[in-house]
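A.B. asks: Dropping a prediction and its sequence here:
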Amino acid sequence: MTRTVSALVCASALALASASASAAPAPRTLGGSRVHVVYPGQTLAMIAKRYNVSIDALCKANGITRRSPIRPKQRLVLPARDGEVVPASLQKPAPEEAKPVEKAEKAEKAEKAEKAEKVSAKLGKGKNKGGLLVLQSYTGSWRGQVYKKGKITDSARTGIEKVLAAWRTGQHQPINDRLIRILVKVSDHFGGKPIKVVSGYRPYSPTQYTPHSRHNTGHAVDFAIPGVSNKVLRDYCRTLANVGCGFYPNSSFVHLDVRETSAYWVDFSGPGQAPRYADSHGRDPGEAEREEPASGSGDGSGADDEQTFEPDEI
């Protein structure tokens, strides 16, 4: 009887040991995937649960803490269930880990490309091959292709001249070819958006702050582009060669003219006010002060609607 009981006890112990051994997870080998590529939205807890490891072990294997942020595409070393860690340098992401990431990347790129295409079409880049100009001013508007075989067409000259005419009298003057080409370049850069002309040609007036203004000769324009900040517009104009660019924080436009040597200035005056150029630190000198501009800085041209002050001839 005693032998029978002993035999039963031994058999039960062996059965329990066998079941325990079969339930214990087998450690992964070096040939298996030891690196996890983080998907968008995953957390350390989700990853640890997926691989049946503790969060602390996962953190320890990667030298991070529970509070450490993780990002998509980040590679995390997976701790072995027996406590050993396989270095990431010896492993590559398993195909099943890489494929979802590759799909996500392709989907993201496709989505960005679609958005860019829609924006491009909205701005006119998709259909506009360049050379399209849309001008609006107090004297009218004009829209059309400026070039034919690389040359400015007569119809474009006429239309642009009318839009840039003096808004009080309607008097106009031929607009400088290089200024026209630069306006086209600005238009192309901003996707063919309409250019709102504040002031183009202005006939000479004895009340001008200085006797020389490029507005008097059709070499200058004050303008804005709806939907584009004047700071962005100013920054682009400053990349153009041999132009004068004036920035007016208290007015609604950017000044642009053509010249032999580039110049840039900031004038804090508002419409109808005398020039108030920024000091050497770029600050407003104040309403009560007026410093005479140094050689190469601005000059006033005295319009009643929007005041424009250009650098002197260099």
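C.D. replies: Sure thing, it's come through.
A.B. asks: Is it correct that A61 falls within a helix?
C.D. replies: Yes - checked against DSSP: H, G, I helix; E, B strand; the rest coil, A61 lies within a helix.
A.B. asks: neighbours of it, just the number please.
C.D. replies: A61 has 21 neighbours, counted by other CB atoms under 10 Å. No exception for glycine: its C-beta is placed from N, CA and C like everyone else's.
A.B. asks: Surely P174 and I160 touch.
C.D. replies: No - P174 lies out of contact with I160 (CB atoms under 8 Å); the separation is 9.6 Å.
A.B. asks: Specify which residue of those two has the higher count of neighbours.
C.D. replies: Between P174 and I160, counted using other CB under 10 Å, the more crowded position is I160 (27 against 13).
A.B. asks: who's in contact with the helix or strand hosting that one?
C.D. replies: Following DSSP states H and E, the helix or strand that holds I160 is helix 154-163. For helix 154-163, contacts defined as CB atoms under 8 Å, 6 or more residues apart in numbering pick out 133, 135-137, 139-142, 144-147, 172-175, 180, 183, 197, 200-201, 218.
A.B. asks: Buried subset of the residues you listed, written for PyMOL?
C.D. replies: Typed into PyMOL, the line below selects the buried ones among the contacts of helix 154-163, using 16 or more other CB atoms under 10 Å:
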select buried, resi 133+135+136+137+139+142+146+147+172+173+175+180+183+197+200+201+218
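A.B. asks: Among the contacts of helix 154-163, name the ones in strands.
C.D. replies: Residues of these located in strands (DSSP state E): 133, 135-137, 140-142, 144-145, 147, 197.
A.B. asks: mind putting those in TSV, pLDDT and distance to H255 included?
C.D. replies: Formatted as TSV, the ones in strands among the contacts of helix 154-163 follow (pLDDT from 0 to 100; distance: CB to CB, whole Å):
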residue	pLDDT	distance to H255
L133	96	19
L135	97	16
Q136	96	18
S137	95	15
G140	93	21
S141	96	21
W142	97	21
G144	95	25
Q145	95	26
Y147	96	25
V197	96	12
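A.B. asks: Can you tell me which of these is nearest A274?
C.D. replies: V197 (23.4 Å; CB to CB).
A.B. asks: mind listing what that closest one touches?
C.D. replies: V197 neighbours (CB under 8 Å, 6+ apart): 135-137, 163-164, 221-223.
A.B. asks: Next, count neighbours for H215.
C.D. replies: 26.
A.B. asks: how close does it sit to L179?
C.D. replies: Summarising the geometry, the distance separating H215 from L179, computed by CB to CB, to the nearest Å, is 11 Å.
A.B. asks: same deal with S141?
C.D. replies: 18 Å.
A.B. asks: Same check on T207?
C.D. replies: Remark: distance between T207 and L179 (CB to CB) = 24 Å.
A.B. asks: and S54, what does it touch?
C.D. replies: By CB under 8 Å, 6+ apart, S54 lies in contact with A48.
A.B. asks: What backbone torsions are found at it?
C.D. replies: Dihedral angles of S54 (phi, psi; degrees, to the nearest 10) stand at phi -80, psi 150.
A.B. asks: what's the pLDDT at it?
C.D. replies: At S54, the pLDDT value in this model is 90.
A.B. asks: re earlier: T207 and L179: which has the busier surroundings?
C.D. replies: Legend: neighbour count by other CB under 10 Å for T207 and L179, higher for L179 (21 against 10).
A.B. asks: check contacts around L179.
C.D. replies: L179 neighbours (CB under 8 Å, 6+ apart): 218-221, 256-258.
A.B. asks: any chance of those residues in a markdown table, with pLDDT, secondary structure and distance to Q42 too?
C.D. replies: Converted to a markdown table, the contacts of L179 look like this (pLDDT from 0 to 100; DSSP: H, G, I helix; E, B strand; the rest coil; distance: CB to CB, whole Å):
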| residue | pLDDT | secondary structure | distance to Q42 |
| --- | --- | --- | --- |
| G218 | 96 | coil | 63 |
| H219 | 97 | coil | 61 |
| A220 | 97 | strand | 58 |
| V221 | 97 | strand | 55 |
| L256 | 98 | strand | 51 |
| D257 | 97 | strand | 56 |
| V258 | 97 | strand | 57 |
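A.B. asks: Of these, which is the most crowded?
C.D. replies: V221 (32 neighbours).
A.B. asks: in the sheet, who's paired with that residue?
C.D. replies: L256 (DSSP bridges).
A.B. asks: Looks like it contacts D257 (just checking).
C.D. replies: Yes - with contacts counted by CB under 8 Å, V221 reaches D257, the gap being 7.4 Å.
A.B. asks: Tell me where the chain has helices.
C.D. replies: Using DSSP state H, the helices found in the chain span residues 2-23, 44-50, 55-62, 95-123, 154-163, 177-189, 230-237.
A.B. asks: Mind telling me which of these the model trusts least?
C.D. replies: helix 2-23 (a mean of 47).
A.B. asks: and stretch 258-272, which residues are buried?
C.D. replies: For stretch 258-272, by 16+ other CB under 10 Å, it's 258-259, 262-269, 271.
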